[in-house]
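>>> just coords:
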């Protein structure tokens, strides 16, 4: 629901708090009241809370410009980037909670970095090339459209919103999520990567991979970069099904 | 006290740190990278517009090569750069782009045939050659003679960082996330690693290493309004300064980017102007051609920022309750161009301004953007003051950029310096550094100093507030140490900052929470940042000339006769409130490009007495080499190849300079 911007509006931030490093800490909700300023984002609001009320409040911001993916959190129950959420687009009562699925560091800070690193190592999200490059020589040509298509999928910022908004991820702790399937799609498109569908099938041709997806497409709904995740899920599922059938028929 | 051992300790997980680590690891050494945040969240990701490298694939890049890139960079630096380092850089940049292409960066590619582009406010047609089809494309950027900036839409830094970050994982580089180095372990001559705090648990650990490399980025957050990420606080440079023996170079050289959105200070790329965008004033008038007839909107950043501020002083700004601003107009580029090449800009305008840049002008004004200053190193990235300490990227003063960096040269520097410094760290680990013997007592001594500092902060409940000191420092810097500077105002700033330094000895915490404790983090950081701020202002006050981004209204001319030198700031004792300044002379007699007019900006510099003689020598060498190729002439003017690692010495192939033989 969009509320008209009224400078000076009183906002109440209801923040889910817990510090796992403190044995005495129990999860609880704490409310901070502040005055809305013109153009206020949750980045501005949370820093104001830290400065004015509670210096121990934990949250993660780095770029504060919507490109680094650090500040994913549940904003009124919905995963999103806090830095580019304007308070004027929210009601006067705003609930904030850490993203689910990821390990909690404290308050609104979660360890998406660790989760994403695990994913990258598992899916080997890098170009697998046979030969070393000769850096002195003119580079290999690439179709300009293909380069743009790869970038389209390369824009993922690993913020974790798609995982937090995913039904399967809540049931299957090892599910690769839309972020993982999108990476497979990105490297599958890339002619520099020598891997085949059979290679990808070994990594994501399971219920923890692309077959775990229930097609609820919460991922695409909440992706802050607007990545075409539903289409990639459907596409990779089809490719993996074919790779699976080929693998089955060759061993039969 | 826990001690961890490695061969190379790299502080900073952005592009410079990761590329350095890859180089060291590929030579067979153990590397540990320490990062404040998951590496892919580093500020490198914020580089939008592109990376300069003289590939010369495009029609508007035809004729480009290392020589042209070299001259552009030296002119951009206002002759403050180390010209041998510039040569090493421009020579290696094409190799870096090609390496990244092979690793997976989806560089924008050339489409052969005719295209409509916008140049100088008008639509015009260019024809890309058939031979270049599919090769890496380039866009125009400020202060360059050719279209030289390789790009991935306007998410270049993101794609580079993800590719290099994933490459580091592929090669098994150990990265420790969410940790922060707070002191170097050293004996005044040699560096043995760092004392490091875990930002989740609060634990303090000693990382002992044969080589330590600081690649932790710049110090933009000394300023209230900056395009920099919130963690670009310069702590890496500060811990080097705190040794008392390491110099920070040219700290007064601070870049202000012309187009930060108002009021948030978020960057919109120079690619907006490179692709044809215009600057307009309150009347909608395009004012830059009046000030800079040669390069207009595409003069170097220091010049454009200065002209914008000048124009605003003449009453031509748009006045809002967020302060004054000018307009950036990219509507003339068309919706398709913006969708494909300026999509981050589009998103930023939508999210933070609620405007559509395809139809509306963007409110902009200059804001702090880049730190040319940093840890002084030699051309191999090694500190001349503390052996075993290396630095690269924005944290370093290598010195590629002098007093003004060109757009597209910093994200290029991260990977190029990484390629070079990684090799020199490996050389150190295999050579002089290999005999390191580290007394554990020395490690403990440094660990205890940091431990005592943290305990002191945690134990005090009455005293100064870190938030307040930080805010005051940032206001002083923004108000008094900005685009226009002058002696009396700088003196005022220095007095205020010295007072803040004294007060920072008495910081107290309002709460004590176990673990991360963001209040404690602010407290120990603001102390370190204040010392950096004082170095910036002391250097600016002492430098009674104008050079690049350092502009003194009371000394508006560049003065080569007195100031063709690099500032070195040392913090000799922890109780000092001022740095000790020394200077390092830039030798005109060894310059390949002797000082002159930049091709834009002011023309009235004061000449160095040796300039005319050196210019005549250079002209004679060029005239005498009738049959010589450009490489031979360059070699006679200023040899530099011997400074590069052997693996990076080969020439670069181009469409206009094809290698013989099969590839």
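Great, that's in hand. None of the values given here were measured: they were computed from a predicted structure. Numbering: from 1, shown residues only, chains lettered A, B, ... in the order given.
>>> what sits against the residue in the stretch 301-450 of chain B that chain A sits nearest to?
Residue nearest to chain A within the stretch 301-450 of chain B (Cβ to the nearest Cβ): residue B:351, separated by 4.0 Å. For every residue, glycine as well, the C-beta is placed using N, CA and C. With contact set as Cβ atoms under 8 Å, 6 or more residues apart in numbering or on different chains, residue B:351 has these partners: A:66, A:84, A:86.
>>> the second one against residue A:63, yeah?
No: with contact defined as Cβ atoms under 8 Å, residue A:84 and residue A:63 do not form a contacting pair (10.0 Å).
>>> please say which of the two ends up with more neighbours.
residue A:63 (28 against 23; other Cβ atoms under 10 Å in any protein chain shown).
>>> out of the contacts of residue B:351, who's near chain B?
Among the contacts of residue B:351, the ones lying near chain B by Cβ under 8 Å from any Cβ of the partner chain are A:66, A:84, A:86.
>>> can I get those in JSON lines including secondary structure and pLDDT?
Shown next, in JSON lines, are these (DSSP: H, G, I helix; E, B strand; the rest coil; pLDDT from 0 to 100):
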{"residue": "A:66", "secondary structure": "coil", "pLDDT": "95"}
{"residue": "A:84", "secondary structure": "coil", "pLDDT": "95"}
{"residue": "A:86", "secondary structure": "strand", "pLDDT": "95"}
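>>> so what pLDDT did residue B:625 get?
pLDDT recorded at residue B:625 is 72.
>>> return the residues in contact with it.
Residue B:625 sits next to B:632-633, B:636 when contact means Cβ under 8 Å, 6+ apart.
>>> quick one: secondary structure of the residue in the stretch 151-252 of chain A that chain B sits nearest to?
The minimum distance from the stretch 151-252 of chain A to chain B, using Cβ to the nearest Cβ, falls at residue A:151 (4.5 Å). Three-state call for residue A:151 (DSSP: H, G, I helix; E, B strand; the rest coil): helix.
>>> quick one, helices of the stretch 151-252 of chain A?
With helices called from DSSP state H, counting those that start in this stretch, the stretch 151-252 of chain A shows them at A:161-164, A:167-171, A:177-189, A:197-204, A:218-222, A:229-251.
>>> just name the most buried of the ones you listed.
helix A:161-164 (a mean of 28; mean count of other Cβ atoms under 10 Å in any protein chain shown).
>>> distance from that one to the middle of the chain?
Between the centre of helix A:161-164 and the centre of its chain there are 5 Å (Cα atoms, centre = their mean, to the nearest Å).
>>> ok, it near chain B or not?
No: for helix A:161-164, no contact with chain B is found by Cβ under 8 Å from any Cβ; the gap never falls below 14.4 Å.
>>> phi, psi for the spatially closest residue to residue B:600 that is not a sequence neighbour please.
Excluding the flanking residues, the one nearest residue B:600 by Cβ to Cβ, 6 or more residues apart in numbering or on different chains is residue B:299, at 4.0 Å. In terms of degrees, to the nearest 10, the main-chain angles of residue B:299 are phi -70, psi 180.
>>> contacting residues for residue B:299?
Shown in contact with residue B:299 (Cβ under 8 Å, 6+ apart): B:142-143, B:288, B:292, B:307, B:600-601.
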